[in-house]
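Chemist: coords below, sequence missing:
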């Protein structure tokens, strides 16, 4: 499987899936560790990318183009998410420069 | 107790920043202390320094801008980077040397400086200048007005980004300068108009040279019309930018094209005529909205009006002396010095100690391309002015900048500075 | 030209003429008002109401070394400084000038800024070059000279500041 | 589809040919950039009744070389406040995409009678470095990366004028990318291909008549030209480095070789953009050919390509020599309120026509309906713009 | 062999970029690391013959989303590095690391013990290289996934409107503090501010 | 064991290298490039600035020398044309701009005011810009016409082509000390430390 004996090994879908998993983990940890809302957004993007990578790998492995279509939608949704998220960050930071993600709790009103 | 001695920390920056819309009340030293910080921690404005070495501040004007994004909230012109001490120097020069000094103030229109100084001296002396000299002065001044306005077209075009117009303006101005060089001997800072008349009569062939320039100039002005006046981007950039009302302009002491752009037809040549402007026919160009476009259009059309005046001068130019024949005031002709002992003595006296001017004080003003150029002269009866003060139109006009710039964008500030057409030599003197 | 021709036109004989709350003299055909520092603002306001809406210029003169007598009306004490302002009445196309005496001991003068905003720059210049403080001016700071400059260069007791030209390579003292 | 060079397996010859193509493309872009700088200075000089550079080499041809050499040997600077790594990275980010983007441009090949290939050492190949199936998108991607150079240069300099310049650059390029993309979409709609080779092939049948310029109805080409000029930060859209306003804009703090790289990137992008306009709208290297095969495949297509290229290079220079600069907000207005709606509407119109043709609907009626719908849309848009302006003026009036 | 090299290089870029996002303190550096990751992912897309997605990845992600990030960072001047020493919830970070390890372990376990990628072949189409991929993708988007496509279009519109509304300055805020009460031309008798 | 570096190299860095054929050719190339691509800083002060701009106009055309590229940013400029009188207030700014320029750089003092204070020998004007920055060429005239400026520029070109390419100019001017001119006496007080 992953550590096939023959060299050069064939790059199978699993390789991509492992990479995706690691990427997802880094993103998730970053999201939990960092406090800067902008960086947290970036970590979310990392996670989305990991998922995208997985989708494309499955699409190829399964011979189903639906995976790629889903990636397309994920990108659009990511764009929408970033637009709204950044707008919120801007309006918060404008009032409170240097705010961290914890200060966004004030949005609860 | 003056403001300079006030310890900086006792001054409330915010209160001073707030006082007056568009006027940043903050001294340079304080502004420097602010550095790159925001003007106000709770605000998103930032202080930015524009100049004194900046490509579009027309020399060494410096502006402190308080910006919110690209929007100018308040601004303050900071002057003095070209302060030459000319008023002090004038007290040390004789009346005959005076024009040499003042001509270097407004270096875009040097003849007007000489004219106003000479007129002030003549007023104090109470002498009559010969008719031909008056007309020659008028001729030269109108040509100078054209060259100055061409310079404006060049720099204005450059500031808005029309690079070719820059070169076109210089090209036509250069022809004008060559004519000046032929008549006065110098391209700039001519020292041609002197108390008592002008330095020399018009040389042979000047009329042909002049007419040759006038053959091509209208075409080139139409080129400007095509490139700029009718150009949508140009109109977008200038129309409605840097608006100022007649009342504001009058309050701020603005004169010249700025005042006229608000629709107020105030031109000293017409309203308080000097030289022989009452004998020529011309229109005073006025604007409607007081915006940058009006000021541009006024200057463009004033070139045409000046051409009209020059054509009339060419017709009416009388024969006669080019300077007063009062040997106590004007030097004798070179040829007379070899023949007459008296002429030699006069020559010697004039050039060593100069002529004495009766006691008194006088204020004389002319309409320079930038507005009212005034000269306040106090004489104590010696051969040197006791006090000479020049009322520089650019200096006073610059006060309009903060009011024109309030709530404009950075790009507009460039257009506005350009439309005021300040000559820093005259502002700082 | 004879001496008579260049002699000043004699001022109007007594009784002293008065206009806009100030004494009047004539100089080379121009009317000159001589308000005191106390009546200065009132005079200028009266002028403005009378149509002199353009204040074209404000400047100062230092008469420290003046050897000549100044043409001042009776009742006006000559002081070291004088603040001169020029006004235009655009409707009548006429000019008028005010001259205010400012003593050396207390070089202050009311500012015209509340009446004519355009005097801001010229008054700052007069402050910078002569050290005359204008009361009521919003920004009485140096304008032409650097802010840390000592002295006021256009005062008569301030030397020209001329130095011998130092050529490159010449031994410096 | 795809370059026939790679269809029969990859041998040594193929690798060598590819390397040769890389080398030639690289050299070509460099020389074209040098030429462009000289060309611009000479043409501008001529428009302004001047002579222009004539001291460095014959007719001043080596002027760019002199500039480059001088800049290379000039002292470099890293401002104190600068972000060191990014300050160094930014010029590279500007210059590399500029090089890469040129790789997809078909320079020659016989499109008139052949399939746009030439023969090198017995291998048929396209005369372009690469022909990815998403060629045009590759260009858009590269210009998207190119933004980073300008943006990071301004930000990392740590001073105000460059920062303003880079904020302007970002907003400007992001805004105009939309109009650019929409006019590209119009081309894709009629060419049915994303690869540059395919786009050229689709225009090669008849001279001029089959060009996308005509087929898409001129409007997308004009919008692409305008948006492309903005994307290049060239006059009248050169607000990013507007000398009169922002001193030097994003490159104010750069000197020496790093500045030269920005300079290079700017002109290289101009060449690439012109080449792309030629490829997308003017049929690239296609044109009437005659004579023997070598003339048909090598000489004439190259001639046509360069002729068209120079026309657009001249157009860009002409803009610089003639037009005043727009203001920032006017630039944004032009992009968002004029170019994007127009290109979107035009795209919809073209799509309607295509659908009508495919479905067998009467084309004139479909077009009429589409135009009516678009006019209604335009009316609504202008109404809303008017309302917005009224609101803004009311706001401004309340606080004036 | 080429795919192996591509995978290793791109994978390294992706991971290095991702670590950069998490570890670099300065938001701008983090954003640039993100660009590296996105670029690496795009390369991996190309390696799996998803050319169109690779191009869109660069155009949308690198060209728009990260530019937006940087734009916001510049606009707000969020220059100062964040202070990582403040811990809002006690023990949040260790817990984050632990949960990260757990996520990784779980996903890898799922991957290997479940026997690699599983699932049934779909019916929507076969991915292939070149232009056919794009054609097929387009066909799918506008036929099978038309509803989802329209839904995302509406989502985008809503997002844009929302962003505009959020970022808009409330009208009262604009020049409220700009001292507009004092006009350019002071009236007579009005007390001007004296500076001394 | 590597041979010890020549002493000259240790002392002067690259400037101590002996010339050989290769460096000679390189030097010629660099000098050629610098002389033909001398970008001036946009730095105008007074009357002379107008004539400087006129020199860029159609009649005189500085662009023939590759000099129409007036750089607003001193970082990219090679030549500072001090065009006009330098006031006491401007002198520090001027010096700052000079310091912001990158090596190699040249200074052209245009006009008598910049060169020696000209006719304005008073409290306000620096008597010669060479007290603030090291000047390579002085152009006489008040103001010098464009022809004079062109001549001065060609003189600078000659100076460049005959100069050393690795020579730094930093020893040319010391740190700037602007002292106030004594207003009470006619005694001269030095402005700036010249050399």
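Modeler: Nice, I can see it. Note that the coordinates shown come from a computational prediction; the quantities given were computed from them, not determined experimentally.
Chemist: residue ranges with poor pLDDT in chain B?
Modeler: Along chain B, the model assigns pLDDT under 70 to residues B:1-45, B:51, B:53, B:55-57.
Chemist: and it, what are its domains?
Modeler: B:8-78, B:86-399+B:415-428 (automatic domain parsing).
Chemist: just these: most buried one?
Modeler: domain B:86-399+B:415-428 (a mean of 21; mean count of other C-beta atoms under 10 Å in any protein chain shown). Every residue, glycine included, has its C-beta placed from N, CA and C.
Chemist: Which strands and helices lie in contact with the host helix or strand of residue D:66?
Modeler: For residue D:66, the host element (DSSP states H and E) is helix D:63-72. Judged by 3 or more C-beta pairs under 8 Å, 6 or more residues apart in numbering or on different chains; DSSP states H and E, helix D:63-72 is in contact with helix D:12-47, helix D:256-281, helix F:21-36.
Chemist: now for those helices, which one comes closest to residue A:85?
Modeler: Smallest distance to residue A:85 across those (C-beta to C-beta): 31.9 Å, for helix D:256-281.
Chemist: The closest one versus helix D:12-47: what angle between them?
Modeler: 100 degrees (axes from the mean of the first three to the mean of the last three C-alpha atoms, to 10 degrees).
Chemist: what's the offset of helix D:256-281 from the middle of its chain?
Modeler: 8 Å (C-alpha atoms, centre = their mean, to the nearest Å).
Chemist: tell me which residues of that helix are tucked away?
Modeler: Buried residues in helix D:256-281, counting neighbours by 16 or more other C-beta atoms under 10 Å in any protein chain shown, are found at D:256, D:258-281.
Chemist: Next, the contact list for residue A:29, please.
Modeler: Residue A:29 makes contact with E:22, E:96-97, E:99-100, according to C-beta atoms under 8 Å, 6 or more residues apart in numbering or on different chains.
Chemist: give me the residue from chain B nearest chain D.
Modeler: residue B:161 (2.8 Å; C-beta to the nearest C-beta).
Chemist: Up against chain F, what does the stretch 1-150 of chain D have?
Modeler: Proximity of the stretch 1-150 of chain D to chain F, by C-beta under 8 Å from any C-beta of the partner chain, involves residues D:41, D:45, D:48-56, D:60, D:62-63, D:65-71, D:73-77.
Chemist: Could you do chain A as well?
Modeler: Checking chain A against chain F by C-beta under 8 Å from any C-beta, there are no hits.
Chemist: Any part of the longest helix along chain A near chain D?
Modeler: Taking DSSP state H as the assignment, the helix of chain A that covers the most residues is helix A:66-95. No: Helix A:66-95 stays clear of chain D (C-beta under 8 Å from any C-beta), getting no nearer than 11.9 Å.
Chemist: any idea where the strands of chain C begin and end?
Modeler: C:18-19, C:22-27, C:30-34, C:54-62, C:81-89, C:94-102, C:108-110, C:133-135 (DSSP state E).
Chemist: what does the first one rub up against?
Modeler: Yep, that's strand C:18-19 we're talking about. By C-beta under 8 Å, 6+ apart, strand C:18-19 touches C:24, C:31, C:33.
Chemist: about what we covered before: now the strands of chain C in TSV, please, with extra columns for mean neighbour count.
Modeler: TSV is the format used below for the strands of chain C (neighbours: other C-beta atoms under 10 Å in any protein chain shown):
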stretch	mean neighbour count
strand C:18-19	13
strand C:22-27	19
strand C:30-34	21
strand C:54-62	26
strand C:81-89	23
strand C:94-102	21
strand C:108-110	20
strand C:133-135	20
